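> need a structure here:
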Amino acid sequence: MLAWGVAAVLGLSGCAAAQAPTEAETQAGEAPRVAVVAADGADAVQGAPASPAVLQAPVVPAYVAPVVPAAARQAVQDAYEAVQKRRWADLDRLAPIAAADPVLGQYPRYWALQRRLQDRTTPVPTADVQQFLKDNPGVYLNERIRSDWILAAVRAGDYAGAMRIEPVADPSTAVQCSLLLARHMTGKHARAAEVLDVFKPNADCWELLDQAAADHVLSRKEWNGLLRDTMESGRAGDITRLASVVFDDAAMVQFAALMKDPRKWLAARSKPRSTTDLELTSIALSRLARSDDRVEAARYVQEHWAGVMPKADMQWVWGQFGLVAALNVDIDAARWYRQSGFIPMTDYNHAWEVRAELRASPIQWDRVATAIRKMSGPQADEPVWRYWYGRALAAQGNDQAARQYFQSIQGDLGFYGQLATEELGGLPRLPATPALDPAWTAQASANPALRRAVALFDLGWRREAVPEWNFALRGMNDAQLRGAAEFARAEHIYDRVVNTSLQTRQVVDFSQRFIAPFEGKVAEKARQINLDPAWVYGLIRQESRFIMNAKSRVGASGLMQLMPATAKHVARKIGLKDFTPSQVNDFDTNTLLGTSYLNMVLQGLDGSQLLATAGYNAGPGRPKRWRSQLQAPVEGAIFAETIPFTETRLYVKNVMSNAVWYAMLFSGQPDSLKARLGTISPLDGTRTAQP
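Residues are numbered from 1 along each chain as shown. Below is the predicted model:
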């Protein structure tokens with residue numbers, strides 16, 4: 001039986017995935033319950049919180065902006081440029097001048113101190129750090145410099161000193177690894193579970209892992225398990241680095257050979273005798289899953305190795321065949337997963353076993369349920385798997401238990417909460433817009449930390465501004481959070497409106513969470529080409545959070561995150577004359593090109609919003625390819641859940657879920673996510689004219 005409980009929804013991801021979340025999801029907050037419309041039309045509130053206590057509005061004196069000397073603010077900006085260009089002498093010269101800026105003046109001083117902390121060739125500037133902390137109590141840079149100080153102290157071998165530093169409230173993985181190493185080195189030895197829990201492949205965690213190896217903290221079985229889990233990432237550098245910890249020099253020669261050509265390496269091997277040989281052989285067999293002819297590779301494994309390898313190792317190998325096949329939307333994925341038995345796998349792999357069963361034709365719902373039961377309790381409690389377990393129960397005739405599973409996530413605001421509500425015979429409905437005393441917004445606008453963040457946003461320094469803003473929100477109650485969101489709205493920082501409001505615990509304010517800025521201009525452009533405005537707004541909310549000059553790590557720009565080549569292609573198609581790449585962040589140009597491109601993708605994918613959403617994110621050719629590998633028509637929710645790209649899978653579910661809420665906000669009428677998703681049928685051919 002699955003563990004019982006309801007996982008909180010983080011941000012827009014009502015579709016929990018077994019990989020690291022995206023930056024937008026990480027910043028998003030907890031989503032509370034929402035009212036639904038019951039099958040008979042009567043109101044029903046599932047899991048609604050108790051009415052929040054009425055908080056007395058604060059009395060806030062009129063805000064008086066501090067006087068910022070022009071020369072000091074210019075020094076701050078020049079110091080920022082000096083950091084980007086690594087002109088450290090200029091930074092040291094500018095920091096004292098910038099200090100006269102009462103809002104941002106400590107940033108250059110922090111940058112200069114941070115550089116010294118990161119320089120391993122010089123002593124840790126302890127006295128200067130302590131003075132900085134004394135001069136800047138209770139602010140974001142105070143916590144930031146303490147994190148840098150901990151890392152520097154541990155890197156310098158001052159473990160006792162690192163342990164004396166005041167802890168930070170939200171330590172990074174690097175800081176967590178450094179503190180665990182410091183504790184270990186000062187006599188309180190780390191346990192294997194602690195090391196495995198905190199480890200992520202970064203420089204500071206590698207130092208922890210090296211020490212754990214030297215001190216025999218992990219057993220051979222635990223080392224092998226960590227290496228196997230890392231193999232799934234596909235990152236060659238991390239795999240080789242970890243293998244060098246697990247294996248000695250002689251074994252590393254064999255490891256390098258099998259990674260280069262596993263079939264050739266296996267051909268020269270006989271039955272493994274030692275534990276090292278056994279592990280190397282298991283890894284080599286698992287690498288065959290990446291062969292061009294996976295079916296033939298699987299036949300070779302079965303005929304030549306299944307009879308000589310331990311059962312548990314072979315089950316792990318078949319789990320790797322299942323994973324690679326599932327990521328390639330291969331019809332054999334479920335068959336290979338079924339050979340993995342109940343061998344423990346990573347959360348990522350367990351999730352793909354369920355997806356492989358959902359994509360099989362016909363779906364064997366008992367196997368879907370079995371695959372979910374293999375998961376750990378916390379993973380199985382995620383809304384995505386509670387929904388599909390409920391569907392499996394319903395398909396097997398256990399309607400009462402299925403309803404309990406659907407009801408347990410019915411209040412979730414995301415993709416699977418909406419689907420669960422429809423399984424129960426209703427449709428989601430919007431909560432009433434709660435009142436907010438303007439005094440809470442006034443309090444936020446007078447908050448020095450929020451003001452400092454706004455000053456950073458005004459300079460275009462989002463990398464500095466976002467953590468400043470988030471730090472200022474710590475400890476705020478719902479009214480204060482909503483006041484801060486309204487302050488962000490007034491400053492036209494729309495992503496902070498959404499992300500701040502998402503952190504409320506009892507009050508749900510859809511006017512903030514599903515903000516629709518720009519005075520209807522986006523909807524107007526959508527209607528001009530017969531696009532659904534709710535869908536377009538849902539897409540922009542996911543793409544850029546309404547940041548007009550947003551730029552992705554791959555070069556996409558503007559509200560609708562257009563790639564340069566795509567923007568040029570669309571401009572040419574619609575006859576937009578004199579278009580230049582510099583125009584891509586212009587509101588009118590970006591929305592014209594973005595909606596036009598979205599419409600092109602939609603028309604090329606049979607009018608399916610689901611497929612077009614996937615195509616907008618991953619390129620129109622990919623949903624065609626994924627569709628062509630279907631064996632039979634599948635419901636839209638299954639197609640969405642089995643998209644092999646994590647980013648695209650989350651993106652599609654978030655956009656479609658957003659569109660439902662925007663449709664209701666715009667029309668006042670209920671909307672069906674299932675209807676929007678539709679049914680996806682197999683398709684022959686994958687060629688597309690769109691970029």
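> residue ranges of the strands in this structure, please?
Ranges of strands within the chain are 9-10, 30-31, 35-37, 43-45, 427-428, 634-635, 679-680, based on DSSP state E.
> tell me which residues in the longest helix seen in the chain are buried?
Among the segments of the chain that qualify as a helix by DSSP state H, the longest is helix 646-667. Buried residues in helix 646-667, counted by 16 or more other C-beta atoms under 10 Å: 646, 648-666. (Glycine included, C-beta is placed from N, CA and C.)
> Which elements pack onto it?
Secondary-structure packing of helix 646-667 (3 or more C-beta pairs under 8 Å, 6 or more residues apart in numbering; DSSP states H and E): helix 415-423, strand 427-428, helix 533-543, helix 609-618, helix 636-641, helix 673-677.
> Select, out of those, the one closest to Gln131.
helix 533-543 (43.8 Å; C-beta to C-beta).
> Give the rounded mean pLDDT of the closest one.
For helix 533-543, mean pLDDT is 95.
> Report the inter-axis angle for it versus helix 646-667.
Relative orientation of helix 533-543 versus helix 646-667 (axes from the mean of the first three to the mean of the last three C-alpha atoms, to 10 degrees): 140 degrees.
> so how far is helix 533-543 from its chain's centroid?
Chain-centre distance of helix 533-543: 18 Å, with C-alpha atoms, centre = their mean, to the nearest Å.
> Find the nearest non-adjacent residue to Ala369, please.
Of all residues not flanking Ala369 in the chain, Ala392 sits nearest, at 3.9 Å (C-beta to C-beta, 6 or more residues apart in numbering).
> circling back: distance to Arg474 and mean neighbour count added to the helices and strands packed on helix 646-667, as JSON lines?
Converted to JSON lines, these look like this (distance: least, C-beta to C-beta, whole Å; neighbours: other C-beta atoms under 10 Å):
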{"stretch": "helix 415-423", "distance to Arg474": "27", "mean neighbour count": "26"}
{"stretch": "strand 427-428", "distance to Arg474": "31", "mean neighbour count": "24"}
{"stretch": "helix 533-543", "distance to Arg474": "25", "mean neighbour count": "25"}
{"stretch": "helix 609-618", "distance to Arg474": "33", "mean neighbour count": "25"}
{"stretch": "helix 636-641", "distance to Arg474": "34", "mean neighbour count": "23"}
{"stretch": "helix 673-677", "distance to Arg474": "34", "mean neighbour count": "19"}
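> Relative to Gln130, which of these is closest?
Ranking the helices and strands packed on helix 646-667 by proximity to Gln130 (C-beta to C-beta) places helix 533-543 first, at 43.9 Å.
> Now do that closest one: which elements does it pack against?
helix 521-528, helix 587-604, helix 609-618, helix 646-667.
> same thing but at 7 Å, please
For helix 533-543, the packing partners by 3 or more C-beta pairs under 7 Å, 6 or more residues apart in numbering; DSSP states H and E come out as helix 521-528, helix 609-618, helix 646-667.
> now that helix and helix 521-528, what's the angle there?
Using the same axes, to 10 degrees, helix 533-543 lies at 130 degrees relative to helix 521-528.
> which residues sit against helix 533-543?
Contact with helix 533-543 is made by 12, 516, 522-523, 526-527, 546, 559-561, 595, 598, 609, 613, 616, 651, 654-655, 658-659, 662-663, 666, as judged by C-beta atoms under 7 Å, 6 or more residues apart in numbering.
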